[in-house]
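> here's a sequence, model it:
(one chain, ligands or ions: 1)
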Amino acid sequence: MKERILEMLLSRKDQFVSGEEMSSLLGISRAGIGKHVTKLREEGYRIESQTRLGHCLHREHIPLNSFELKHKLPTKSLGCEFVVLPEVISTNDMAKELARNGAAAGTVVIAKRQTGGRGRLGREWVSPNGGIWMSIILRPRISLRDAAIYTLLTGAAAAAAINGVTALRSGIKWPNDILINGKKVGGVLTEVVGEWQSIDFLVIGIGINANLQWAQLPVGLEASSLEIEAGKPVELVRLIQTILCRLEELEQELLEGNREAVLNEWRKLAVCLNCAVTVKEHNNLWLGTSVDINSDGALVVKNAEGNLVKVYSGDVSLRSEAGNLVFKIQ
Ligand code: BT5
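The predicted structure follows:
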């Protein structure tokens, strides 16, 4: 019933709908309508109520909930199910648990904050209120080797969505950092469960410092948020929906065998190609120049001897011409 009331108010947003009309169309008493309206207000909706006019929904703030996320979402499978929670340890852990218990491909887990958000290699991911912390379950029929490209695909989808929804220009630093003006505003954590030849499922975690203030960001790092960079908050529901649409389109390209289209989209958004870089693989640190990514998603770096080396995992920092680090996370 609450959702039907919401739909009615949404169809006439910024206009008053009388309690009487709602009551006769929905078949419940005006007092009943009033109770649901109060509940909607508690959930973050701004509904103005006037005795003679009725109720009017104002849309300057759209709450982050499954109803809003599903509303007019044009994807085919991504977002078939949303699990939205006030707090979890890690949305990736929760999504893995749901996937093990049979959750459908396209299920999305979103938390308003994470108490144990993770980056790669078990690093901490700071995830207070105001950010986008979400994990998507996918079940593509691919081998483990083919799964790596999903990190690049997701980074490209997230950066393109940020650029589409805001006036900001974000870019990607291999493999999974989303940067704006050289500062990290987001990252991707892909986890795979299955066997070498055929994976069981993928969980793609996306973290975006959307509406975070300076005081909420990790100290001592080149980090920022969309709100800080844009000077105004971003609409979370719209950004999430746009990421899901772009992700679905890119995954479709990939599954249809058009891998090069995905790689080209990533290349367009990359801010780390043809740059002087420092590569850190385990305990090995070396300097080179990034050249391209290959079809597996590895970064191709020309080393000091002029040889092309494929980097499959590790951290890459961009260096200035003088050799000092211009951007470094970790
Ligand atoms: C990442 O790892 O960048 C992947 C982050 C993925 C987070 C999402 S949120 C939803 C889902 N659930 C999870 O538990 N995780 C995923 P990595 O490249 O390893 O970067 C981690 C490093 O980034 C840390 O060691 C810090 O240096 C830095 N860092 C931590 N929190 C940050 C933040 N909020 N913004 C910018 N940098 C941060």
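
> what sits against residue 13?
57, 58, 59 (CB atoms under 8 Å, 6 or more residues apart in numbering). Backbone N, C-alpha and C define where each C-beta goes, glycine included.

> how about the residues of this protein that lie near the ligand?
90-92, 114, 117-120, 123-127, 133-135, 176-177, 184, 187-189, 205-207, 209, 218, 221, 223, 329-330 (CB under 6 Å from any ligand atom).

> filter those down to just the ones in helices.
Judged by DSSP state H, helices contain the following of the residues of the chain next to the ligand: 91, 92.

> now the buried members of the residues of the chain next to the ligand.
Buried residues within those, defined by neighbour count using 16 or more other CB atoms under 10 Å: 90-92, 114, 117-120, 125-127, 133-135, 176-177, 184, 187-189, 205-207, 209, 223, 329.

> from the residues you listed, which ones fall inside strands?
114, 133, 134, 135, 177, 184, 187, 188, 189, 205, 206, 207 (DSSP state E).

> so the second one makes contact with residue 91?
Yes: in this structure residue 133 lies within contact range of residue 91 using CB atoms under 8 Å: 5.4 Å.

> shared neighbours of those two, anything?
Shared contacts of residue 133 and residue 91, counting by CB under 8 Å, 6+ apart, come down to 110, 111, 114, 117, 205.

> now for those residues: which two are most distant?
Across these, no pair lies farther apart than 110 and 117, at 12.6 Å, counting by CB to CB.

> quick check: neighbours shared by the two?
Common contacts of residue 110 and residue 117 (CB under 8 Å, 6+ apart): 91, 133.

> excluding its backbone neighbours, what's nearest the closest residue to the ligand within the stretch 1-150 of the chain?
The stretch 1-150 of the chain approaches the ligand most closely through residue 119 (2.6 Å), counting by CB to the nearest ligand atom. Excluding the flanking residues, the one nearest residue 119 by CB to CB, 6 or more residues apart in numbering is residue 125, at 4.6 Å.

> backbone dihedrals for that neighbour, both of them.
Torsion angles at residue 125 (phi, psi; degrees, to the nearest 10) stand at phi -120, psi 110.

> residues contacting it?
114, 117, 118, 119, 187, 189, 207.

> contacting residues for the second one?
With contacts taken as CB under 8 Å, 6+ apart, residue 117 has the following neighbours: 90, 91, 124, 125, 126, 127, 133, 207.

> is residue 183 in a bridge, and if so with what?
Note on residue 183: beta-bridge partners by DSSP bridges are residue 180.

> surely it is in contact with residue 223?
Yes: using CB under 8 Å, residue 183 is in contact with residue 223, at 5.8 Å.

> would you format the contacts of residue 117 as CSV with pLDDT included?
Converted to CSV, the contacts of residue 117 look like this (pLDDT from 0 to 100):
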residue, pLDDT
90, 98
91, 98
124, 96
125, 98
126, 98
127, 98
133, 98
207, 98
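
> quick one, helices of the stretch 1-150 of the chain?
2-11, 19-26, 30-42, 66-70, 91-100, 144-147, 149-165 (DSSP state H, counting those that start in this stretch).

> buried set for the longest one?
Neighbour counts over helix 149-165 (16+ other CB under 10 Å) mark 149-163, 165 as buried.

> repeat for the fourth one
The neighbour-count criterion (16+ other CB under 10 Å) identifies 67, 68, 69, 70 as the buried residues of helix 66-70.

> dump the residue contacts of whichever residue of the chain sits closest to the ligand.
Closest to the ligand within the chain is residue 187: 2.0 Å, counting by CB to the nearest ligand atom. With contact set as CB under 8 Å, 6+ apart, residue 187 has these partners: 119, 125, 176, 177, 178, 206, 207.

> I figured the last one hits residue 131, correct?
So the one you mean is residue 207. Yes: between residue 207 and residue 131 there is a contact under CB under 8 Å: 6.6 Å.

> just the buried residues of stretch 276-290, please?
Judged by neighbour count (16+ other CB under 10 Å), stretch 276-290 contains these buried residues: 276, 277, 278, 279, 280, 288, 289, 290.

> now for those residues: which two are most distant?
So for the buried residues of stretch 276-290, where distance means CB to CB, the most widely separated pair is 280 and 289, at 15.8 Å.

> same list, the contacts of residue 13, but as JSON lines with pLDDT and neighbour count please.
Shown next, in JSON lines, are the contacts of residue 13 (pLDDT from 0 to 100; neighbours: other CB atoms under 10 Å):
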{"residue": "57", "pLDDT": "95", "neighbour count": "22"}
{"residue": "58", "pLDDT": "93", "neighbour count": "12"}
{"residue": "59", "pLDDT": "89", "neighbour count": "12"}
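
> which one of these is nearest residue 82?
residue 59 (19.5 Å).

> tell me the spacing between the residue nearest to that closest one when sequence neighbours are not counted and residue 318.
Spatially, and ignoring its direct neighbours in sequence, residue 59 is nearest to residue 13 (5.3 Å; CB to CB, 6+ apart). Between residue 13 and residue 318 the computed distance is 45 Å (CB to CB, to the nearest Å).
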